[in-house]
Structures are given as C-alpha cells and as structure tokens.
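> Here is my input, please return the structure:
(chains A and B)
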Amino acid sequence: MRVNFTVNGRPQEADDVWEGESLLYVLRERMGLPGSKNACEQGECGSCTVRLDGVPVCSCLVAAGQVEGREVVTVEGLADYSQHREDAHPGGACGTGGCGTSLDSAKKWQAKPADSQTGEAGSDPLALSPIQQAFIDAGAVQCGFCTPGLLIAADELLERQSDPSDQDIREALSGNLCRCTGYEKILDAVRLAAARQGEAV
Amino acid sequence: MAQNTRTVPAGTPTNVTQKHNKGGIGESTLRPDGTLKVTGEFAYSSDMWHEDMLWGQTLRSTVAHAEIVSIDISEALALPGVYSVLTYDDLPAEMKNYGLEIQDTPVLAHGRVRHHGEPVALVAADHPETARRAAAKIKIDYRELPLVTDEASALAPDAPLIHEGRDDHHIGHVPHPNIVHRQPIIRGNVEEARKRADVIVEGEYTFGMQDQAFLGPESGLAVPAEDGGVDLYVATQWLHSDLDQIAPVLGLPKEKVRMTLSGVGGAFGGREDISMQIHACLLALATNKPVKIVYNRFESFFGHVHRHPAKLYYEHGATKDGKITHMKCKIVLDGGAYASASPAVVGNASSLSVGPYVIDDVDIEAIALYSNNPPCGAMRGFGAVQACFAYEAQMDKLAAKLGMDPVEFRQLNAMEQGTIMPTGQVVDSPAPVAELLRRVKARPMPPEQQWVTAGEQADVRALPGGLSNTTHGEGVVRGVGYAVGIKNVGFSEGFDDYSTARVRLEVINGEPVAMVHTAMAEVGQGGVTVHAQIARTELGVTQVTIHPADTQVGSAGSTSASRQTYMTGGAVKNTCEKVREAVLEIGRRKFGSYHPAWATAELLLENGKVVTDGGEVLADLADVLEGEAVDQEHEFRHRPTVAFDLVTGQGDGHVQYTFAAHRAVVEVDTELGLVKVIELATAQDVGKALNMLSVVGQIQGGTTQGLGVAVMEEIIVDPKTAKVRNPSFTDYLIPTILDTPTIPVDVLELADPNAPYGLRGLGEAPTLSSTPAVLAAIRNATGLELNKTPVRPEALTGTL
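Numbering: from 1, shown residues only, chains lettered A, B, ... in the order given. You can find the predicted model right below:
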C-alpha cells in the first residue's frame, strides 16, 4: 500500500508498504530517518518515541497505515519543531498538564527550510532545541541510544508543564529505558532545560 | 550477479573534528558525539544502510539439548525474496568454531545443540519479514538429550558431557569434564585460625542470571569486497578480538576482513563475544550482496552471553573484639553451554572473594560449570559482583552476631595500602576502604516519609508501588544498608594486555591539529572525550580529530574490565609524548641555532607553541611543522601479571584494584512486598578524574545496574527444560527512572603511582557494592534473611 503523511513538516509518500510494517520501520528503512531507535520493538523501552499529531507514541507499536494523512515529528525534526513551537502550539504550555498538541495546531505547523537560508533570528539551522542542548551540557548522553526517545518525551513534558517537579519528570519519562546513565543526569538535563526556558521567557 | 561496487554504506563513521570543544584532562569537557546523538544523526550499527542490501536472519534452536537428526531448508529456499539459506554444511573453512579463549562455540550448530537459542541456520532475504518467514519454514528434527542444569546434574558420575573429548588447556586441572575451570586459593591455615574465632557465621547465597540489556541491539552490515574479502561495520567491544575469531571461520586472511566500529548502543560485557558478525559475513559472501542483521529484543536475549548465575557458600569467623579470623568459601558459577569468558570469571571470583578486607587465613575454591543453560561470560563486575553480594551479607551477619555497627565492623577489618591479598599480592597503591565507608555513612539521610505532601493526599509516586496506588504509607518501613567492594582493573593472570594509538600532528589552515586513531570501541563510556582531552594536554593544541575505530590500526584491547581509559588513554598519552619529542627535534633542527633554550631547557607544547618550562615562547607549532606531519604509532602495556598457581592460587595476578562503597536507603511495603529505593549514596576512589562529568555518569550508571539485580533483574531459565522464560523487556525488567533513586556521588582522587595520570579504572566497581547495599537495607527494614537476587515480593511476604 501507499502511505502519505507528514514527517517533520515535509509531506512524504511511502510506496509498497507491507500491511504489517510499523511506523518505526517506515521511518527508519524507507524514509532514511534512523533517529528513532529500535531497541525492543514492543513498546517497552520508549527509544522509538515520536510525536504523532503532537502526542508521544512508540512508533514501533503504530502500524504504518495508521499514519495516513497525519503529522509525525521525529528527533531529526525536534530542533526545528521547538523553534516553531508557537506555530504548532500557540501559547506554549497548556498548564493543565494533559493536553499535548491538538490535531489542528499540529497540522498547521510546517518546518521552514527557507529559514536556514535567511538566517533569521531564532531560526539558526545549527541551533538545538533547549532540551537537546541540556542533554549534552548535563552529561545525560552516554551511549545515546535512548536519547532520541527521551528527548521527544521530555520536550513534550516541558511543552505542557514549564516547571515540572522531579516526580513529574520521573512520571513523564517512566516509559523510556536508559541503561547507561542511572537517570540522574537525565533529570539534571530536564531541570536545566526548564530553567533555561524559564529565564528566556 | 553484479559485482559489489565498494560504495560506502550510509551510516559509515567519519572523522569527528572538535573545533569548539576545549579542555585538557581534569576538565568536564562535553562528548564530541553529543550533538550527533541528540539530533538522531549518530549512526548506530542498526542504522547502517546499503543500496541493494539484504536482511539476514538467524534460526535458533527451540530446545536446550538435542541431537539434530535432520534439517530441511527446501521450503525456505523456495520462498520468493530469499537469496540464501545456510547451515553447518555450508561453512567454508575447516575451522567451524570460535571463542574468546576456548574455541568451543559452533558458528552454526553441528549435529547437536547445547542450549536454548543456539544458532542453527541463516537466511538472507530482501525484507526482514521475508527472512523471518523463511527461517520459520526451515524444518529441523531434534532428538532431545538429557539435560545438565545445575551443579548436581553436571557433576554426577553418569552426567552427560557437554563437550566430549575436550582438549583445552584447563581439562588437565579440573576434577570433572563438565567443569570449565577451577581455581583454589589457599593461604594461611584456616583450621588453626578457626580456633581463635569467638563467633562463626555461615551462609549460602544465590545470585540470579543478569542480562546486560544494552539498548542498541546486536547488529551490523557486512559488505562483500571485490578482492573476495569483506568489510564489516559492527558494534562490538573489541574489534581485533572479533577479527581473530571471524577470519579463520571465513577461511580468509585477516587483511581481507576489514572491520569498522559502527555506533554502539551500550555493551556492559555483552559484546565481548561474537554475535552476528560471522553470520552476516557468511551471508554476504554467499550472496555477494551487502547483508544487514539486526536482532530484535527477543533474539538479543539469545544473542549474547549473560552474567554467571552463582551459588556461593561462605564461612567466616571473628573474635569478640571484631577481628575476622578466617574465611572459607566455595563459589559455583554456571557458565552454560560454552566457555566464553568463564575461566577468567573464575579467576576473578576466587581472587576477589575475600572482598576488601584483611583476612590472613583463607580456603577458597571457585569453579565454572558447563551446562545446558544459556552461555554466560562477561558482564560489568565480572565475577567480583557475585562474590561481593555474598561476602557483604556475611559482614552484616558477623557484625550482628558481635553486636557491632556494620560499618565500624567493616572499617575495623578494612584493607589498606600494603595489605596482602589472598593471592599473596601486596596492594601497592591507595586502598581507602574505611574512608569510602566513612563518607557514605557521614552523608545526611534523606528526609523521612517523602510521600507526605502539604495536602491531605499522599504523593503515591514517592511510595513503593508508585502510581499503582497500592499504599498511602501504611505498612511502609524504612531500612538502611551498607556495602563496599573491590574490583581488579584490566586483564589479569599474565594476559598480554596492550593498547595501540596512532597520533598525527600537522598544520591545517594555519592551525595545528592532532588526529587520534585507535581501535578502541566507544560504547558510551566516553573514551572519545578523554582521548581528545589527553591529546590537548600533551600536545598543547585545541583542535583534535578523532578517527573512527577500525582494524587499520593496532589493537586497543577490549572496552571492558574498567581498562580502556588506563590502557588506550595510556597509549594516547605515550604516543603524544613521542610525537612531542619528534616535533621538538624538528624545532631544534630548524631553530636550535637561534636560542640556546632549544638545547638546554625542558620544552613543552602549550597553546600551539613551543615553550620552555619557564614559560618563554620559542616558536609557533605552525612554524615548526610547516608542511610536515608528525605521525607516530605506539603500544602501551601495563605492568606484567602472572597466572595464579593452580593449586595454591598464589601470584601477582592483578594490575590494579579499584574500590567503591554504597549506602542504600529503602522503603518497603511489607504487606505487598514492594520495595522503593529512596537513595543510593556512593563513594569511590578514581585515582584521578580525567573528566568528572563522565566519571559521575559511569558511577551512577553502574550503581543502577547493581540496583536492578537487587530488586528486579533476572533471566529465568526453566529448570525442567533449560529454556529461557522471559526474553523480552516486558518480562525481563530493568530499572526505569521511577525505580531509580537519587544517586549522590562522592569521588576521591588518590593517585595510583603506577597508572597513567594516577587514574584508576572505574566503570565496574559501582556495580559491585550497589546490590548488597540494597539487600542489606531491605533486610534492615524487614528483618528477613534474603540470600537471593533479585528480591521478589514473594520473598518479602512469605508467599514464596
């Protein structure tokens, strides 16, 4: 079958997709986007987490056919998504802690490849999202295999809750396994990103 | 079929130049691969991609011990999209086995399978699902054989032999052919010493089978080459060891098997052994197409060796004033069907079985069994972990029996610099065991009842059971426990352990740039970060390029045994020193006549300049080198060790010792048997921290793996069938962020005079003492004996 969907703001088309293929397989092997990782392919480790219409999901558990006409953001598009969060999610954090990104607002969001040519402020193509930079700075990346999924989950947490408590962070990231760090530096990174976002506001 | 074009596959590693990174040793510089890893651009071995590539699939045995009566591949071969199906009969060379020390592991089972999940056949197809379906169509007729599953069944007089006709170098020294290796250690006179004991405690301990559970699955890409060889891109811990095992079974000279390290998603010992490397090469050579193999999580549980499960029998005595009189122990490790690293694990378990204590009279025996259980080998802590679990429980028992504080009792018996190990080896560098214990004990306790919130409701997330909402605090009791451990660093027992580094210094665009090329496997530990720090420190440059690890440079040895910063770090340091000498020689030749300091002063390279030790600048590196490049390759060896005597266990077998201590604070819901670890404070001596950010990350990660085995991690092997019952992340549990407490880290830096920069290998030690500290805390909370890992709810509620 053919699947049409939007990945990181760009319309994509996958042909000859077998009915049993997961979104993870299509992203990795057909779209050339291996950033979402294949650690358990059972929805247990969170390494393949992407946002589907704004909601974090394990892409290994999503059948490719389910994403027809929908919006996917992977770690490859996270920096750009974060720069255009206002387009995607006006008002930023929703405050209620449970809204994620609405389907309409997710659909309105588009990556702006032209930005990298114009060099507009806030659109630096080399700039990382605050959570990406915080993961590097806090030493939250070791082998890094869990990192893409954690970044997507942590970014979504910070989008809806700008100043999360440690318990909030633990709860939000409890679906993402990390075997290297012991999680302490991941907590540090999320706290750091939250603090930096707070300063920037 | 078209000849392979030798195009470079997607995901092939390239040089990483660090233009903006700064900092020499001792500074917490950031990972050079950090940006690639947070943007998803870093290519792990499972991300490798080649145009026209096929997917490989392994068919594994569904039974643990059986004769293979027949294999029928015809239906599999007939499936559209299938390119090749291989069995034992298709192996191209006379050598059909591999192994780290003993070549007893078949590439594909021949005639017999010895454990559940052993590879029997291979398929290459154009889609991974096609490959899986084809593998499922291979028909194998098994005739099951009697099982060996434990010490009793392995050592029975009529026990089936797992390996008949053994001819390895251990067979002459073991009392039974189902024992891989046996190491006794006898020192002093236990019978005499026992007479001085006022109290004696005995214990029998069971350590479950732990899995490394690295997140990145075993995977890689083999690309056939026009010269009949193969290029292999793979995640491993030791490229050259793999190469030594791969080339003979492919029937190729080593120079025709070119290996490049692709991105490694964690290792922890689980990538020391070959997994899919040979299989991918065989399929690539058979089909003349690039072949990628990626295990799923289920297969990963069969694709690598695990931590040895163990039974440990201990006896200790002590006088009433708290001095340990003697220790007797027997450690039985189950090595499973193939040897892997079992002999070395036996050496470690025996020689480190006393722990970091002064005990002059010991009688020790450690053995590893062959059985039909899954093969076991290297995992973080390597034999020392199992022993630490048992001897630390013994320390608590002794202290309790004497009515002493468990920490004070340990401190009273703690080893120090100058202590003689049971092997007769003198500990000749700092061994701050008592101080590490003091530090974790002195740390303020975490607040009581953290689940109590300002509102009326308890924050259940802070309670055992968490969001399951199983308790609001009633029936929750707190406990505190302590433990300390000792681990060796580097390869021991006379192994010729070395590492190689190539360092090139040249001027590019007017700026001196150092390139560091080693075969070190970066598995996440941060070697690439510290190599650049070392090069900056030694060569006084800012820009350092890290060349991808491959087999075009000499061996770096394994990224294991806490050895890589010591060994390859040492190699980079030494090679940089040679480069510096060569640069200064060029300088003397060019500029020596202009300034007497070139001949007389001690010269250094700093900030891109040649300077005297008094700080006077003699020349710019750019002017010294001009178009010239200095390129050196050297090996680094640690001081020699010797094999332990096979009867007495005596010998200077280890290079360096490393120590860590933990204090665990737990809360237990005694009604449901649920445990929440509140805090796992740790203190460790690292000799010299080359990068504190990485050091702390290693200690916290190692601590968490020890926590995992204490309360949840275990591969469960059915004792009746020897089949693995929980090969998934649904059923094999590793700690989540909710299960992991805060881990405050206290780092000591007492330099080891024999090590590069005084550093101490550090990756494994925190995994040792974390487990017994948690167990001690749960015992403290519940009053139960608890002699088995992991502690499951039924062990706490008496419903076992």
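> Please enumerate the helices of chain A.
Using DSSP state H, the helices of chain A run over A:23-25, A:78-83, A:85-88, A:103-108, A:115-118, A:130-137, A:147-160, A:166-172, A:184-200.
> orientation of the last one relative to helix A:130-137 in degrees?
Which is helix A:184-200. 130 degrees (axes from the mean of the first three to the mean of the last three CA atoms, to 10 degrees).
> Residue B:662 is nearest to which of the helices of chain A?
Checking the helices of chain A against residue B:662 by CB to CB gives helix A:184-200 as the closest, at 14.3 Å. (C-beta placed from N, C-alpha, C; glycine too.)
> That closest one to helix A:147-160, inter-axis angle?
40 degrees.
> Could you give the average pLDDT over helix A:184-200?
The average pLDDT within helix A:184-200 is 94.
> Surely residue A:58 touches residue A:39?
No - applying CB atoms under 8 Å as the test, residue A:58 and residue A:39 come out as separate, 10.4 Å apart.
> Which one of these two is surrounded by more residues?
Each of residue A:58 and residue A:39 has its neighbours counted (other CB atoms under 10 Å in any protein chain shown); residue A:39 has more, 30 against 25.
> mind listing what the more buried one touches?
Residues in contact with residue A:39 (CB atoms under 8 Å, 6 or more residues apart in numbering or on different chains) are A:45, A:47-48, A:145-146, A:177, B:215-217, B:265, B:297, B:729.
> Swap in 10 Å and give it another go.
Neighbouring residues of residue A:39 by CB atoms under 10 Å, 6 or more residues apart in numbering or on different chains: A:45-48, A:60, A:145-146, A:149, A:176-177, A:179, B:44, B:46, B:213-217, B:265-266, B:296-297, B:300, B:729.
> Touching both of residue A:58 and residue A:39, which residues are there?
By CB under 10 Å, 6+ apart, the residues touching both residue A:58 and residue A:39 are A:45-48, A:149, A:176.
> Look up which residues are beta-bridged to residue B:54.
residue B:291 (DSSP bridges).
> Check the average confidence over stretch B:642-656, would you?
Per-residue scores along stretch B:642-656 average to 98.
> Please tell me how far the residue most central in space within chain A sits from residue A:81.
Geometric centre of chain A, nearest residue: residue A:152, 3.0 Å, by CA atoms, centre = their mean. Computed as CB to CB, to the nearest Å, the residue A:152 to residue A:81 distance reads 9 Å.
> Ok, residue B:683 next?
When residue B:683 is compared with residue A:81 (using CB to CB), they lie 42 Å apart.
> So what does whichever residue of chain A sits closest to chain B look like in phi/psi?
Closest contact between chain A and chain B, by CB to the nearest CB, is at residue A:35 (2.1 Å). When quoted as degrees, to the nearest 10, the phi and psi of residue A:35 stand at phi -60, psi -40.
> how about the nearest residue to it, chain neighbours excluded?
Once flanking residues are discounted, residue A:35 sits nearest to residue B:40: 2.1 Å by CB to CB, 6 or more residues apart in numbering or on different chains.
> so who does that neighbour touch?
Contact analysis of residue B:40 by CB under 10 Å, 6+ apart lists A:33-37, A:74-78, A:132, A:144, A:147-148, A:151-152, B:47.
> before we move on, the earlier item: so the residue nearest to the residue nearest to the centre of chain A when sequence neighbours are not counted versus residue A:160, what's the distance?
Once flanking residues are discounted, residue A:152 sits nearest to residue A:49: 4.5 Å by CB to CB, 6+ apart. Using CB to CB, residue A:49 is found at 15 Å from residue A:160.
> tell me the pLDDT at residue B:454?
Residue B:454 is assigned 75 on the pLDDT scale.
> Could you dump the shared contacts of residue A:58 and residue A:39 into a markdown table and include distance to residue B:783?
A markdown table is the format used below for the shared contacts of residue A:58 and residue A:39 (distance: CB to CB, whole Å):
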| residue | distance to residue B:783 |
| --- | --- |
| A:45 | 36 |
| A:46 | 38 |
| A:47 | 40 |
| A:48 | 44 |
| A:149 | 41 |
| A:176 | 36 |
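> Can you check the pLDDT for the residue nearest to residue A:35?
Value for residue B:40, per-residue pLDDT: 97.
> and if you look at the one 5 residues further on?
Residue B:45 is assigned a pLDDT of 98 by the prediction.
> repeat for the one 3 residues further on
Residue B:48 carries a pLDDT value of 96.
> Next, work out how far apart the residue nearest to it when sequence neighbours are not counted and residue B:234 are.
Ranked by CB to CB, 6+ apart and with sequence neighbours excluded, the top spatial neighbour of residue B:48 is residue B:221, at 3.8 Å. Using CB to CB, we find residue B:221 at a distance of 8 Å from residue B:234.
> Spit out the residues that contact the two alike.
B:45, B:48, B:260, B:262, B:280, B:293.
> Can I take it that the last one is in a helix?
What that stands for is residue B:293. No - using DSSP: H, G, I helix; E, B strand; the rest coil, the secondary structure at residue B:293 is strand, not a helix.
> how deep is residue B:396 tucked in, by neighbour count?
Neighbour number of residue B:396 under other CB under 10 Å is 22.
> which secondary structure element contains it?
Secondary structure assignment for residue B:396, by DSSP states H and E: helix B:384-402.
> What of residue B:660?
Residue B:660 belongs to strand B:656-669, assigned by DSSP H and E.
> list the helices and strands the helix or strand following that strand packs on?
On the C-terminal side of strand B:656-669, the nearest following helix or strand under DSSP H and E is strand B:674-685. For strand B:674-685, the contact count by 3 or more CB pairs under 10 Å, 6 or more residues apart in numbering or on different chains; DSSP states H and E identifies helix B:433-442, strand B:476-489, strand B:656-669, helix B:692-711, strand B:745-748, helix B:765-782, helix B:793-797 as packing neighbours.
> quick one, strand B:674-685 and helix B:433-442 angle?
Going by the same axes, to 10 degrees, strand B:674-685 makes 140 degrees with helix B:433-442.
> on that earlier part again, can you tell me the SS state at the residue nearest to residue B:48?
Under three-state DSSP, residue B:221 comes out as strand.
> cool, residue B:492 as well?
Under three-state DSSP, residue B:492 comes out as coil.
> picking up where we left off before, turn the helices of chain A into TSV, including distance to residue B:70.
Formatted as TSV, the helices of chain A follow (distance: least, CB to CB, whole Å):
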stretch	distance to residue B:70
helix A:23-25	34
helix A:78-83	53
helix A:85-88	60
helix A:103-108	56
helix A:115-118	61
helix A:130-137	53
helix A:147-160	44
helix A:166-172	54
helix A:184-200	52
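> If you average pLDDT over each of the ones you listed, which is lowest?
helix A:115-118 (a mean of 30).
> Just list the residues touching the residue nearest to residue A:152, thanks.
Residue A:49 neighbours (CB under 10 Å, 6+ apart): A:24, A:36-37, A:43, A:56-60, A:74-75, A:146, A:148-154, A:156, A:175-176.
> beta partners for it?
residue A:58.
> Hmm, residue B:334 is touching residue B:152, no?
No - using CB atoms under 10 Å as the test, residue B:334 is too far from residue B:152 to be in contact (11.9 Å).
> More neighbours: the two, which one.
residue B:334 (27 against 9).
> Just list whatever residues bridge to that one.
residue B:369.
> Could I get the pLDDT score of the residue nearest to residue A:152?
The model's pLDDT for residue A:49 equals 98.
> tell me which parts of the stretch 451-600 of chain B are close to chain A?
For the stretch 451-600 of chain B, the residues found near chain A under the criterion CB under 10 Å from any CB of the partner chain are B:451, B:453, B:459-462, B:466-467, B:522-526, B:529.
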